[in-house]
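**Student:** Return atomic coordinates for the entry below.
(2 chains)
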Protein chains: 2
Amino acid sequence: VDVFLPKGTRDFLPSQLQHRLAVIDTIRRVFQLHGFAPLDTPAFERLETLTGRYGEDEKLIFRILERGAGGQRGETDLALRYDLTVPLARVVAMHPELKLPFRRSHIAPVWRADRPAKGRFREFLQCDCDIVGSAEATADSECLAVAAAALEAVGLSAFEARLNDRRILRGIAQVAGAPDREAELLVAIDKLDKIGHSGVDAELAERGVGPDARQAIWALLDVPASEGDEAVLDHLLGLLAGYPDAQAGVERVRQVRDLALAYGLRPDQLRVDPTLARGLGYYTGPVFEFSALGGGIGSIAGGGRYDDLIGFFSGRVVPAVGVSLGLERILTLLESDEAGLPTVDVLVTVLDEARRPACLDAARRLRAGGVRTELWLGVGQLGKQLKHAAALQARFAVLIGGNEARDGVWLIRDLRDGTQQALPPEAAIAHLRRASAG
Amino acid sequence: VDVFLPKGTRDFLPSQLQHRLAVIDTIRRVFQLHGFAPLDTPAFERLETLTGRYGEDEKLIFRILERGAGGQRGETDLALRYDLTVPLARVVAMHPELKLPFRRSHIAPVWRADRPAKGRFREFLQCDCDIVGSAEATADSECLAVAAAALEAVGLSAFEARLNDRRILRGIAQVAGAPDREAELLVAIDKLDKIGHSGVDAELAERGVGPDARQAIWALLDVPASEGDEAVLDHLLGLLAGYPDAQAGVERVRQVRDLALAYGLRPDQLRVDPTLARGLGYYTGPVFEFSALGGGIGSIAGGGRYDDLIGFFSGRVVPAVGVSLGLERILTLLESDEAGLPTVDVLVTVLDEARRPACLDAARRLRAGGVRTELWLGVGQLGKQLKHAAALQARFAVLIGGNEARDGVWLIRDLRDGTQQALPPEAAIAHLRRASAG
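**Tutor:** Numbering: from 1, shown residues only, chains lettered A, B, ... in the order given. The predicted structure is shown next:
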């Protein structure tokens, strides 16, 4: 039988998975320390919960065939979740008893039928924190703070977060005289990082934005970052006179930035960037994005405020803000050339049938003592058993022969240097636990 | 908009999920201590990997619509995994470089379009340990040992494990003169627990098993357990003379039992039961099943040897044995009437705008110190903030007013008794960490 993985998916073998799980556990812990309690929802949602939420991307949703007669006609009623935000909105709508503000974290896979590419998968983990039910700027800054803390905790402290407000971008569209073509302008402006001033200008012209409008746009966007965030914000505030919504966006960016700095983000880690758009259509206020310095790997975390999405499901206005860590990219940055991490500490060898019960008992005691222990399942040649231990990257082997059984000790062999010592079981367990935890 | 969960699925809100995650973490740790390293595979497999593996149950597989033109014709090419064993077999086939014996654990959701009922869900977690590539009886006893250790670790030590061998059941079918109707006989015998001797006898008669054959079957099955496992095994060995395969099954059960006892399973926790069938068709040797004493809740763990499944994918004979914990039933048994567990330890209150930066800094320091901390996002009335803290089941509130700011202390209020103490930040963090961990 020919066997394959589905396109765009991955298996994680134990030695690879160890590192991945350690990073996830660190992030989970940071989320919980910040008061974002874990939520879990099903892998699939009813199709009508997901449709209409993702615009163009709707064709990327994996649909599940109905069971029974409908399925025979090719009808679908469920779909794999595309993100963790719509499930959150559904949960909030279904549970009016939840105390607001409701902070939740959710680390779980999502599925998108995207064209697979380097670093782009059809199944990947999302790591989200959201605060539902608060319009305060502190909520936005908490999202910045938890993302920064998580990145630092996994060892990625060389990052820069860029900050903007969706209303500033809308103001730019208004200044350009094209308020109804905001989305199109965003698509062009979003490419500034990649194709530069002249590339974006050409694209804007192509989309029918006239020279005067383009000049007005560039007056807003071309603010030298070297002048500092305060100068950028003052500049925007002046040029956006007459657009009170956009000005409110400028002031909110100023607040969120000041609060984030009070949280201990360094000024060089945070920058106001009026060109930051972010793809998703549902943002309504501040948006932000973290990049690794010197990376070229793109965004490693991002989020923003979306005050309309929850209301769509719950029928009441519920402001919300969230942040999502890009785990796959973070893991790429952290990846080392080393072989995978070992999954066991000790192999208990079995040298002859008569000693097997003593070996089983040794394995039981080591495991109860917190030492990751593999037992040789057969019996026989020590060389073969030690080779297996080496393949497992186990650091120690435990040998129990006739002499050891008689003396009530275990022989502990350190496989790194071949040294051996005979220890009574209690001392051996304590020694192996200490040496393995290191 | 009307919003619903998909039928047969569940959301886990934070306070419920805390307990569930703690139980899962305990099980994960026991698996790893026993040398079963974690593996992860995608939620869906190619349809042809899954079809033909589950017999009748194949209609319970959730199928995923093809993307593009095929999907418009209702064609499917992927399916959600139905268990974790077939994905394991695929991984072993795709990775001939894996060192055997390969022990892996896998704790992950599976999906079955079963009719939802009390305790039966369409999405549920499986917790599996398997050893691939060993025919040794020690491998079977390791699976018994890891399941027993996991049940004890989560607090379920009142269990009984029943042990049988698929070859004994085949022998019984042969004794009954119906070797080609083994599956049918198993279905009947499997109900002995529920419908008793007379019920099973009637069903066997209905299925055309004659009186002599039924008498032969009952001679094998009606062994008083009170005589002890050795007597049961000797009895079977005698009656199965002439069926060497069945006799090998009896001897293997004896070996696995002796090894499991050497692991520290108590004799009252383990019983040979020649009527134990287990549903799945792919078992070839020893099978076992754990039940909670006094439960009536059915099996809480089970497994067995399946020496043919891996070979189907890999084209080489690879023996394998595994065990699966019934997490949902285990959680039902552990469920208490208490309210959910708290998800935060401390609420940092914000009493006025001027003090907000000090409060943000306090939250940052508490979190860095390992205390799960929620920050009040707005500003204002203490009463409202303390009410929120109570709703969160947070045990402490931190108050920083003008006096505290002047004296360089935080006021710590214990919400259980209303007592307060002013402490310097370092001492406050240490105190809160100690009190919260308890």
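
**Student:** For residue A:74, which residues are in contact?
**Tutor:** A:65, B:65, B:72-75 (CB atoms under 8 Å, 6 or more residues apart in numbering or on different chains). Bear in mind the C-beta positions are built from the backbone N, C-alpha and C, glycine included.

**Student:** Mind checking which of the residues you listed land in strands?
**Tutor:** If you go by DSSP state E, the contacts of residue A:74 have A:65, B:65 in strands.

**Student:** Specify which member of the contacts of residue A:74 is nearest to residue A:366.
**Tutor:** residue A:65 (48.5 Å; CB to CB).

**Student:** hmm, stretch A:30-49 touching chain B?
**Tutor:** Yes - counting by CB under 8 Å from any CB of the partner chain, chain B has neighbours in stretch A:30-49: A:30, A:32-35, A:37-46, A:49.

**Student:** out of those, what pair is the most spread apart?
**Tutor:** Using CB to CB, the pair of those lying farthest apart is A:33 and A:46, separated by 34.2 Å.

**Student:** Who has more neighbours out of the two?
**Tutor:** residue A:33 (23 against 19; other CB atoms under 10 Å in any protein chain shown).

**Student:** Test my guess that that one contacts residue B:367.
**Tutor:** Yes - contact status for residue A:33 versus residue B:367: in contact at 4.3 Å, counting by CB atoms under 8 Å.

**Student:** Closest residue of the stretch 51-200 of chain A to chain B?
**Tutor:** In the stretch 51-200 of chain A, the residue that lies nearest chain B is residue A:74 (2.0 Å; CB to the nearest CB).

**Student:** pull the helix or strand with minimum mean pLDDT from chain A.
**Tutor:** For chain A, the helix or strand with the lowest mean confidence is helix A:182-189, at a mean of 80 (criterion: mean pLDDT, DSSP states H and E).

**Student:** now the angle between helix A:182-189 and whichever helix or strand comes after that helix, please.
**Tutor:** Counting by DSSP states H and E, the element after helix A:182-189 in chain order, helix or strand, is helix A:192-206. Orientation of helix A:192-206 against helix A:182-189 (axes from the mean of the first three to the mean of the last three CA atoms, to 10 degrees) gives an angle of 130 degrees.

**Student:** Averaged pLDDT, helix A:192-206. What do you get?
**Tutor:** Helix A:192-206 shows an average pLDDT of 88 in the prediction.

**Student:** and the helix or strand just after it, what does it pack onto?
**Tutor:** Following helix A:192-206 in sequence order, the next helix or strand is helix A:211-221 (DSSP H and E). In terms of contacts (3 or more CB pairs under 8 Å, 6 or more residues apart in numbering or on different chains; DSSP states H and E), helix A:211-221 is packed against helix A:166-175, helix A:182-189, helix A:192-206, helix A:229-239.

**Student:** Would you mind writing the CA trace of helix A:211-221 as CSV?
**Tutor:** Extracted in CSV, the C-alpha atoms of helix A:211-221 (Å, rounded to 0.1, in the frame of the first residue of the first chain):
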residue,chain,number,x,y,z
PRO,A,211,-2.0,62.4,-8.5
ASP,A,212,-3.4,64.9,-5.9
ALA,A,213,-4.9,62.1,-3.8
ARG,A,214,-1.7,60.2,-4.0
GLN,A,215,0.2,63.2,-2.9
ALA,A,216,-2.1,63.6,0.1
ILE,A,217,-1.6,59.9,1.0
TRP,A,218,2.2,60.2,0.9
ALA,A,219,2.1,63.3,3.0
LEU,A,220,0.5,61.2,5.7
LEU,A,221,2.5,58.1,5.2
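
**Student:** what's in contact with it?
**Tutor:** Here helix A:211-221 makes contact (CB under 8 Å, 6+ apart) with A:171-172, A:175-178, A:185, A:189, A:192, A:197, A:201, A:204-205, A:209, A:236, A:239-240, A:274-275.

**Student:** May I see the PyMOL selection of the buried members of the residues you listed?
**Tutor:** Only the buried entries of the contacts of helix A:211-221 go into this PyMOL selection, using 16 or more other CB atoms under 10 Å in any protein chain shown:
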select buried, chain A and resi 171+172+175+176+178+185+189+192+201+204+209+236+239+240+274+275
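
**Student:** Hmm, residue A:312 is touching residue A:89, no?
**Tutor:** Yes - counting by CB under 8 Å, residue A:312 touches residue A:89, with 7.0 Å between them.

**Student:** Pick out whichever of those two has more residues nearby.
**Tutor:** The residue with more neighbours, out of residue A:312 and residue A:89, is residue A:89; 25 against 16, by other CB under 10 Å.

**Student:** dump the residue contacts of the residue in the stretch 151-300 of chain A that chain B sits nearest to.
**Tutor:** Nearest to chain B in the stretch 151-300 of chain A, going by CB to the nearest CB, is residue A:262, at a distance of 4.0 Å. By CB under 8 Å, 6+ apart, residue A:262 lies in contact with A:141, B:356-357, B:360-361.

**Student:** quick one: the strands in the stretch 1-150 of chain A?
**Tutor:** Applying DSSP state E, counting those that start in this stretch to the stretch 1-150 of chain A gives strands spanning A:37-38, A:44-46, A:63-65, A:76-80, A:102-111, A:123-132.

**Student:** out of these, deepest packed?
**Tutor:** With neighbours taken as mean count of other CB atoms under 10 Å in any protein chain shown, the strands of the stretch 1-150 of chain A reach their highest mean count in strand A:63-65, at a mean of 25.

**Student:** which residues sit against that strand?
**Tutor:** A:44, A:47, A:71, A:74-80, B:62-65, B:71, B:74, B:76, B:80.

**Student:** Average pLDDT for it, rounded please.
**Tutor:** Across strand A:63-65, the average pLDDT comes to 96.

**Student:** swap in stretch A:348-362?
**Tutor:** When pLDDT is averaged over stretch A:348-362, the result is 93.

**Student:** now stretch A:287-303
**Tutor:** Mean pLDDT, stretch A:287-303: 88.

**Student:** any bit of that stretch sitting next to chain B?
**Tutor:** No - on the criterion CB under 8 Å from any CB, stretch A:287-303 is out of touch with chain B, staying 15.9 Å away.

**Student:** What is the end-to-end distance of that stretch?
**Tutor:** 6 Å (CA to CA, to the nearest Å).

**Student:** Disregarding flanking residues, what is the spatial nearest neighbour of residue A:284?
**Tutor:** Among residues not flanking residue A:284 along the chain, residue A:307 sits closest, at 4.5 Å (CB to CB, 6 or more residues apart in numbering or on different chains).

**Student:** Run a quick neighbour tally on the one you found.
**Tutor:** 16.

**Student:** same thing with residue A:400?
**Tutor:** The burial count for residue A:400: 22, using other CB under 10 Å.

**Student:** if I look at it, how far off is chain B?
**Tutor:** Distance, residue A:400 to chain B, by CB to the nearest CB, to the nearest Å: 13 Å.

**Student:** Please apply the same query to residue A:347.
**Tutor:** Applying CB to the nearest CB, the value for residue A:347 to chain B is 8 Å.

**Student:** any weak-confidence spans in chain A?
**Tutor:** Within chain A, the stretches with pLDDT under 70 are A:1-2, A:224-225, A:280, A:295, A:336-339, A:437-438.

**Student:** Spell out which residues of the stretch 301-438 of chain A are next to chain B.
**Tutor:** So the stretch 301-438 of chain A meets chain B at A:312-313, A:315, A:343-344, A:350, A:356-357, A:360-361, A:363-364, A:367-368, A:370-375, A:377-378, A:388, A:391-392 (CB under 8 Å from any CB).

**Student:** For residue B:409, state which of the contacts of residue A:74 is nearest.
**Tutor:** For these, the closest approach to residue B:409 (CB to CB) belongs to residue B:65, at 62.3 Å.

**Student:** That closest one pairs with what?
**Tutor:** Bridge pairing for residue B:65 (DSSP bridges) gives the partners residue B:76.

**Student:** Please apply the same query to residue A:304.
**Tutor:** Residue A:304 has the following beta-bridge partners by DSSP bridges: residue A:287, residue A:322.
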